[in-house]
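> Sequence below, structure please.
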Amino acid sequence: MSNYFLRQIQLWGEDAQNNLQNKKIAIIGCGGLGSSLSMALGTSGIGTIYLVDFDTVTLHNIHRQIAFKVEDVNKPKAELIAKLLEQKCPFVKAIPKVMYFDEFTKENIKVDLIIDAMDNLPTRKAIGEYAKKCNTPWIYGSVEEFHGQVCFFDKANFDAFKITDRKPGGIAAPIIMQVASLQANLAIRYLIGLEVKKDLLYYLNYKNGEFDIQKYNMPTN
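Here you go, the predicted structure:
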């Protein structure tokens, strides 16, 4: 294992790397964000990753869902990613859960961190409520057009957002990878015990070809 994770061990030490093997996370959604998150976290050494998604691969989504190929159309996303992760990293146990999020909550699976990779606010509200009920932190991420948002939720309440069933507009693939990268870095830092800014909303935006990150403190309850 030390050879596989050599560069990471050089960064945060062997003890932290070994501790990752005892961690469990759940990624809710296996589409654009979920694909990139899975690639970033699935090869990091986290011991168990639950992949929750009821859906199958569709052709018009593949351009931004890096885990899938054209021949994967109509196959369950969660199962495909789980297989890919275990092929890439022999030290991860990837468990597909081909189901809706509310079904997953009924299984009462204890994890150290929940990561949102959905595309709608009502499900994110449900993730926030479930996380508070289980006393589990979660990382929110959303993308639309050329901008995105990320927040590590601990004390803050997701109800600070206006909850609607509005679907996102068009999406540029690169911003998905950047949002997922920020989510993944927050996740890794938290899981190995490094400092993480909690309840701070990051707003990522490309405007006139320039990249900008704005930060907002989320109200806590």
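
> mind listing what the most centrally placed residue in the chain touches?
In the chain, the centroid-proximal residue (Cα atoms, centre = their mean) is residue 115; its distance is 4.0 Å. Residues near residue 115 by Cβ atoms under 8 Å, 6 or more residues apart in numbering: 25-28, 37, 41, 138-139, 141, 183, 187. In short, each C-beta sits where N, CA and C put it, glycine included.

> The same query, at a cut-off of 6 Å, please.
By Cβ atoms under 6 Å, 6 or more residues apart in numbering, the contact list for residue 115 reads 27, 139.

> and it, bridged to which residues?
residue 27, residue 139 (DSSP bridges).

> longest helix of the chain?
Longest helix of the chain, by residue count under DSSP state H: helix 173-191.

> Alpha carbons only: can I get the helix or strand that comes right after that helix in PDB?
Heading C-terminal from helix 173-191, the first helix or strand you meet, by DSSP states H and E, is strand 200-207. Output in PDB follows, covering the C-alpha atoms of strand 200-207 (Å, rounded to 0.1, in the frame of the first residue of the first chain):
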ATOM      1  CA  LEU A 200     -18.400  28.800   4.600                       C
ATOM      2  CA  LEU A 201     -20.000  29.000   1.100                       C
ATOM      3  CA  TYR A 202     -17.600  29.100  -1.800                       C
ATOM      4  CA  TYR A 203     -19.000  30.700  -5.000                       C
ATOM      5  CA  LEU A 204     -16.900  29.900  -8.000                       C
ATOM      6  CA  ASN A 205     -17.400  31.900 -11.200                       C
ATOM      7  CA  TYR A 206     -15.900  32.400 -14.600                       C
ATOM      8  CA  LYS A 207     -16.700  35.900 -15.900                       C
END
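
> How far off centre is the next helix or strand along the chain from strand 200-207?
For strand 200-207, the following helix or strand on the C-terminal side (DSSP H and E) is strand 210-217. Offset of strand 210-217 from its chain centre (Cα atoms, centre = their mean, to the nearest Å): 20 Å.

> and strand 210-217, what other elements does it pack with?
Counting contacts by 3 or more Cβ pairs under 6 Å, 6 or more residues apart in numbering; DSSP states H and E, strand 210-217 is packed against strand 200-207.

> Show me what the strand it packs on is packed against.
Packing partners of strand 200-207 (3+ Cβ pairs under 6 Å, 6+ apart): strand 147-153, strand 210-217.

> Pull the contacting residues for the residue lying closest to residue 198 once chain neighbours are set aside.
Computed as Cβ to Cβ, 6 or more residues apart in numbering, the closest residue to residue 198 that is not its neighbour in sequence is residue 154, at 4.0 Å. Listed by Cβ under 6 Å, 6+ apart, the contact partners of residue 154 are 137, 198-199.

> For residue 188, which non-adjacent residue is closest in space?
Nearest to residue 188 is residue 44, by Cβ to Cβ, 6+ apart, at 6.0 Å.

> What is the burial count for that neighbour?
The number of residues packed near residue 44 is 21, by other Cβ atoms under 10 Å.

> Use 6 as the first number from now on
Okay, using 6 as the starting number, the last item reads as residue 49.

> now it: how far from residue 24?
Distance, residue 49 to residue 24, using Cβ to Cβ, to the nearest Å: 12 Å.

> do the same with residue 67
Computed as Cβ to Cβ, the residue 67 to residue 24 distance reads 35 Å.
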